[in-house]
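> pasting the sequence and the predicted model now:
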Amino acid sequence: MPHRKYRALESDCRVQAAITGHKKTKAELQKMAREYKVLADWLEAHPQEHEGSPATDQPTD
């Protein structure tokens, strides 16, 4: 399920934003977390539209 990957990335960005002391880095990580959340939310709301898609089923190494 691709939305899980985006949820994990969202969480990672939030954690990194919480521990960084650099304002610009924090802002960018928070922005990335919001973007990953939007993607994950959309994929959860439209599961039939992305299942079996080659772009989402490719392993990433």
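Sure, I can see it.

> and the helix or strand harbouring V15, what's its mean pLDDT?
Assessed by DSSP states H and E, V15 sits inside helix 2-19. Averaged over helix 2-19, pLDDT sits at 93.

> and it, what does it pack against?
helix 23-45 (3 or more C-beta pairs under 8 Å, 6 or more residues apart in numbering; DSSP states H and E). Where C-beta positions appear, they are placed from N, C-alpha and C, glycine not excepted.

> how much does the helix it packs on deviate in direction from helix 2-19?
160 degrees (axes from the mean of the first three to the mean of the last three C-alpha atoms, to 10 degrees).

> ok, and what's touching helix 23-45?
Under the contact criterion C-beta atoms under 8 Å, 6 or more residues apart in numbering, helix 23-45 has outside partners 1-4, 6-7, 9-11, 13-14, 16-17, 20, 50.

> how many neighbours does C13 have?
20 (other C-beta atoms under 10 Å).

> cool, E35 as well?
14.

> can you read off the pLDDT for it?
E35 is given a pLDDT of 97.

> mind checking which helix or strand the residue sitting furthest away from the middle of the chain is in?
Here the centre of the chain is the reference, and by C-alpha atoms, centre = their mean the most remote residue is G21, at 22.0 Å. Following DSSP H and E, there is no helix or strand that holds G21.

> re earlier: other residues contacting the helix holding V15?
Contacts of helix 2-19 (C-beta under 8 Å, 6+ apart): 25-26, 29-30, 32-33, 36-37, 39-41, 43-44, 50, 56.

> now those residues: which count as buried?
Buried members of those, scored by 16 or more other C-beta atoms under 10 Å, are L29, M32, A33, Y36, K37, L39, A40, L43.

> good, we can wrap up now.
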